[in-house]
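In: let's see this in three dimensions:
(4 chains)
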There are 2 protein chains.
Amino acid sequence: MSHTLGARQVQKQKTRQALLDAALGLLEEQSLSSLGLREVTRAVGVAPTAFYRHFHSTADLGVALVEEALGSLHPMIAGTVSASGDSGERIDRAVSLIARHVREHPAHIRFIARERNGGVQKVRAAIAEQMARFTAEVRTELAGQPESVGWSDDDLLMLAGLYVDQMLMTAGAFLEATPGEVDQVAREATRRMRLISIGRRHWLD
Amino acid sequence: MSHTLGARQVQKQKTRQALLDAALGLLEEQSLSSLGLREVTRAVGVAPTAFYRHFHSTADLGVALVEEALGSLHPMIAGTVSASGDSGERIDRAVSLIARHVREHPAHIRFIARERNGGVQKVRAAIAEQMARFTAEVRTELAGQPESVGWSDDDLLMLAGLYVDQMLMTAGAFLEATPGEVDQVAREATRRMRLISIGRRHWLD
DNA sequence: CAAGTCAGTGAACAACTGTTACCACAAGCG
DNA sequence: CGCTTGTGGTAACAGTTGTTCACTGACTTG
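Out: You can find the predicted model right below:
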């Protein structure tokens, strides 16, 4: 979509990415509202003023982090819901996909879980918007399944929201779990999803 | 349980409560990890050093806030689950009880929702402990209901956790909702709870 | 190749932070 | 009553913060 950009832009993007990475690292032990601009630049090794070339404020950086963290989740969510097999197999597959994603990108999902109700309004809004997008995607995915005949659009959206929220909570539980607790978290999450699926099957009774 | 304590202790408790109240107010627009000790004392109108007479740090104050905020929730949760009537009536009652509690103590539940995944480890742990206690209470409450015959203890605990998490998420949704959206949030929460209840009814099939 | 653009630098600013040591003075107690 | 206890206040400390201004020098463009 864009022709090869000059060495100038490349270097700029590299610094910008370094700022994002450093911020994500620092946010493992604090919230965005306490993240200082100087703290980030110090971790990267650039002058504090360089920050302004990329972001207006740390809140702005937070919004960029939301895009980065949730952008990579779109394919996963889609793959989770549209998997083949019966209900039980799909749930197992979904839970292990979540576990893998948390293992590979812990800082990203920690950031989302933390700032979803965090102290920075713009970041909360950005996360809510992306989550609504997820929910809508899951809804259309669910709509194509045979179990969904006779469902109203509203009810499908409700079910999708329930699934999405449950996924994020499961991811958060994986994060806090010690290595020894991971299996138990997975089993609990599986049973929760199974109960929801059972509720889905009898919703129209 | 304690005999009337002297005017000394009374004044101390009053200051302590003022610090807690001021902190809760300040935390509506930021997270605990960015809350400064001086900020709190300034809001109360006492010297910064007075803070140390009551708390070691702002993290300590956060733990105290957890007790205050979740202590008042115990009776509500119990009343929610053990209400009389059929499943649908109990759900409606629970949702409106949540709505009322959010309306009356918005700062408390905002604090809990925010710091549940917040940047302060000790506060996260305190919230997790209280939530586990809630879940256990709901479990024993559920165990006494006729719908629970044949359920294993593990499955009851799973269901209780699902309910408790759903309640907190509903409370959080009420918080972010504009006055015009409140009714829609209530309806969505009701439908979610209903689906879970349906899943419960057919769990042993 | 000259001119201009712009990412990053360095110094300075006023304001703020947590923490310390020391003091004042009212309450509690022998 | 005198003595101790302990809440709260004052003053000062070394560091930190966000933001400004003028600057350098490598890249881009005409």
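In: contacts only, for residue A:170.
Out: Contacts of residue A:170 were listed using Cβ atoms under 8 Å, 6 or more residues apart in numbering or on different chains, and they are A:95, A:98, A:185, A:189, A:192. For glycine as for every other residue, the C-beta is placed from the backbone atoms N, C-alpha and C.
In: shaky segments in chain A?
Out: Residue ranges of chain A with pLDDT under 70: A:1-3.
In: what count of nearby residues applies to the closest residue to DNA strand D within it?
Out: In chain A, the residue that lies nearest DNA strand D is residue A:6 (2.2 Å; Cβ to the nearest atom of the strand). Residues within reach of residue A:6, counting by other Cβ atoms under 10 Å in any protein chain shown, total 8.
In: same check, this time on residue A:87
Out: Neighbour tally, residue A:87, other Cβ under 10 Å: 15.
In: right, and it touches residue A:197 too?
Out: Yes: taking Cβ atoms under 8 Å as the definition, residue A:87 is a contact partner of residue A:197 at 5.0 Å.
In: element containing the residue nearest the centre of chain A?
Out: Closest residue to the average C-alpha location of chain A: residue A:70 at 4.4 Å, with Cα atoms, centre = their mean. Following DSSP states H and E, one finds residue A:70 within helix A:58-71.
In: check which residues of that helix are buried.
Out: Neighbour-count burial for helix A:58-71, counted by 16 or more other Cβ atoms under 10 Å in any protein chain shown, picks out A:58, A:59, A:61, A:62, A:63, A:64, A:65, A:66, A:69, A:70.
In: turn those into TSV, columns for distance to DNA strand C.
Out: Formatted as TSV, the buried residues of helix A:58-71 follow (distance: Cβ to the nearest atom of the strand, whole Å):
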residue	distance to DNA strand C
A:58	16
A:59	18
A:61	13
A:62	19
A:63	19
A:64	14
A:65	18
A:66	21
A:69	22
A:70	25
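In: the residue nearest to the centre of chain A against residue A:128, yeah?
Out: No: counting by Cβ under 8 Å, residue A:70 stays clear of residue A:128, with 10.9 Å between them.
In: mutual contacts of those two, please.
Out: If you check residue A:70 and residue A:128 against Cβ under 8 Å, 6+ apart, no residue is contacted by both.
In: ok so, going back, which of the buried residues of helix A:58-71 lies closest to residue B:167?
Out: residue A:70 (25.4 Å; Cβ to Cβ).
In: which residue is the nearest non-sequential neighbour of the residue nearest to the centre of chain A?
Out: residue A:130 (4.3 Å; Cβ to Cβ, 6 or more residues apart in numbering or on different chains).
In: does that neighbour touch residue A:66 like I think?
Out: Yes: between residue A:130 and residue A:66 a contact is recorded at 6.4 Å, counting by Cβ under 8 Å.
In: now list whatever residues contact both of these two.
Out: With contacts defined as Cβ under 8 Å, 6+ apart, no residue is shared by residue A:130 and residue A:66.
In: so who does the residue nearest to the centre of chain A touch?
Out: A:112, A:127, A:130, A:131, A:134.
In: mind checking the SS state of residue A:4?
Out: coil (DSSP: H, G, I helix; E, B strand; the rest coil).
In: to what extent is it buried, counted in neighbours?
Out: 6.
In: what does chain A put close to DNA strand D?
Out: Applying Cβ under 7 Å from any atom of the strand, we find that chain A lies next to DNA strand D at A:6-9, A:36-39, A:42, A:48-49, A:52, A:57-58.
In: narrow those residues to just the buried residues.
Out: Looks like the residues of chain A next to DNA strand D have A:37, A:58 buried, using 16+ other Cβ under 10 Å.
In: ok, which pair from the residues of chain A next to DNA strand D is furthest apart?
Out: Longest span within the residues of chain A next to DNA strand D, Cβ to Cβ: A:6 and A:36, 31.9 Å.
In: residues from chain A in reach of DNA strand C?
Out: Counting by Cβ under 7 Å from any atom of the strand, chain A sits next to DNA strand C at A:8, A:11-12, A:14-15, A:45-50, A:53-54.
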